[in-house]
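Student: just need the structure, nothing else, for what follows:
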Amino acid sequence: MKSPKIIITAGDPGGIGPEILQKILSDKEILSKGDYTAIGPKRALGKLPSAVKIVDVDLKELAFHKRPHPDNGRIALLAIEEAVRKMDSGGYNLLVTGPVSKEAIRRCGVPFQGHTEYFASHYSTKTYMVFLTGKSMIALYTRHIPLKDVYLKLNKELLIEWISGLNENIIKQLKIKPKYRVMGLNPHAGEGGLTGREELECIIPAVEDLKQKGFDIEGPFASDSFFVYENKKGVVAITLYHDQGMIPAKLLSRGHAVNLTLGLPYLRTAPDHGPAFDLAGMNTADPESFRRAILEGIKLLGNSND
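Tutor: Numbering: from 1, shown residues only. I've put the predicted structure just below:
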């Protein structure tokens, strides 16, 4: 495969993103695998290898803050916007986004829920959040909504539509046909209606309908035991709310999961952590999740080109 052209945003300029990116892109093994363009304030990125192109996106009159501050948010959002413009212009293969503070961007007056939702709005499309853990992939049916609202989003037709769309994009973008395993919503997957009826009234009928359509799908599973005994390669675990998916994703990957967005015109990956303001500037932040976001993205590009 021809060396991929990769855009990486630095993330929140007051967080750990810029210093981690500087460390990663100084690695000769990483540098040899792609043609990199880093987007963010040059004064935060510091000295990068000459092979790395830098797009200096900055508001020089603003300071960087080691907390969720609108100054940081403005710069981080400008970098995301510039990255999207470049991806839309063509010629680039992979977008890797550094960690941002949702609060910092919202404090600029932008209703920002996260990168995934931002891209969905920009492209007027449905996006799918999937985490790569090293074994099973974990897909989040709902993402950044209050737990009390999850059941309002859960009905047979919506679940069928969402899983069908996820499957279409996995086959199209990743060139694999996975096994789907759907988690239950309630304790012990409802226990036959004893602890809740969503499994009986929604999840089981949806699973049976998709089986009839040829999907390799089972469920509902009790999520408290599934990730202990059923965590296998080739499986996509469908979780119904944020923490049901994120807790096992981070535990299984030892904090090094990779966030993958499907449904875009290109592949987008990201580390599974935030800006970690408390660690910024200490040179102690773990770069592995960001590193894997780059390497897994390149690997997935190879799959999509096979």
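Student: would you map the helices across this protein?
Tutor: Taking DSSP state H, the helices of the chain run over residues 17-24, 28-31, 42-45, 70-89, 102-106, 115-123, 156-174, 198, 204-212, 223-229, 242-252, 288-305.
Student: deepest-packed of the ones you listed, please.
Tutor: helix 17-24 (a mean of 24; mean count of other C-beta atoms under 10 Å). For glycine as for every other residue, the C-beta is placed from the backbone atoms N, C-alpha and C.
Student: that helix vs helix 288-305, what angle?
Tutor: Here helix 17-24 points in a direction 70 degrees away from that of helix 288-305 (axes from the mean of the first three to the mean of the last three C-alpha atoms, to 10 degrees).
Student: begin at 153, not 1, for the rest of this chat.
Tutor: I'll keep to 153 as the first residue from here, and by that count the last item is helix 169-176.
Student: show me what the mean pLDDT comes to for stretch 357-373.
Tutor: Stretch 357-373 shows a mean pLDDT of 97.
Student: what does stretch 310-318 give?
Tutor: 98.
Student: touching that stretch from outside, list them.
Tutor: The contact list for stretch 310-318 (C-beta atoms under 8 Å, 6 or more residues apart in numbering) reads 278, 280, 282, 291, 293, 332, 334, 354-355, 358, 361-362, 365, 367, 369, 388, 390, 414-415.
Student: which ones among these lie within strands?
Tutor: In strands, defined here by DSSP state E, the members of the contacts of stretch 310-318 are 280, 282, 291, 332, 334, 369, 388, 390, 414.
Student: ok, now which ones touch the last one?
Tutor: In other words, residue 414. 279, 280, 282, 318, 321, 322, 325, 326.
Student: measure it to residue 237 for me?
Tutor: 21 Å (C-beta to C-beta, to the nearest Å).
Student: now the most centrally placed residue in the chain, nearest residue through space, not along the chain?
Tutor: Among the residues of the chain, the one closest to the centroid is residue 411, at 2.7 Å (C-alpha atoms, centre = their mean). Leaving aside its chain neighbours, residue 411 sits nearest to residue 422 (4.3 Å; criterion: C-beta to C-beta, 6 or more residues apart in numbering).
Student: in the chain, which residue sits furthest out from the middle?
Tutor: Relative to the chain centroid, the chain (C-alpha atoms, centre = their mean) has residue 346 farthest, 34.4 Å.
Student: buried subset of the contacts of stretch 310-318, written for ChimeraX?
Tutor: Remark: buried members of the contacts of stretch 310-318, expressed as a ChimeraX selection using 16 or more other C-beta atoms under 10 Å:
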select :280,282,291,293,332,334,354,355,358,361,362,367,369,388,390,414,415
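Student: low-confidence ranges in the chain?
Tutor: Scanning the chain with the threshold set as pLDDT under 70 gives 153, 455-458.
Student: can you list the domain ranges for it.
Tutor: 153-278+408-451, 287-404 (automatic domain parsing).
Student: between the two ends of the last one, how far is it?
Tutor: According to C-alpha to C-alpha, to the nearest Å, domain 287-404 extends 8 Å from its N-terminal end residue to its C-terminal end residue.
Student: can you put the ones in strands among the contacts of stretch 310-318 in a markdown table and add distance to residue 191?
Tutor: Output for those, formatted as a markdown table (distance: C-beta to C-beta, whole Å):
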| residue | distance to residue 191 |
| --- | --- |
| 280 | 24 |
| 282 | 24 |
| 291 | 28 |
| 332 | 35 |
| 334 | 37 |
| 369 | 39 |
| 388 | 31 |
| 390 | 33 |
| 414 | 22 |
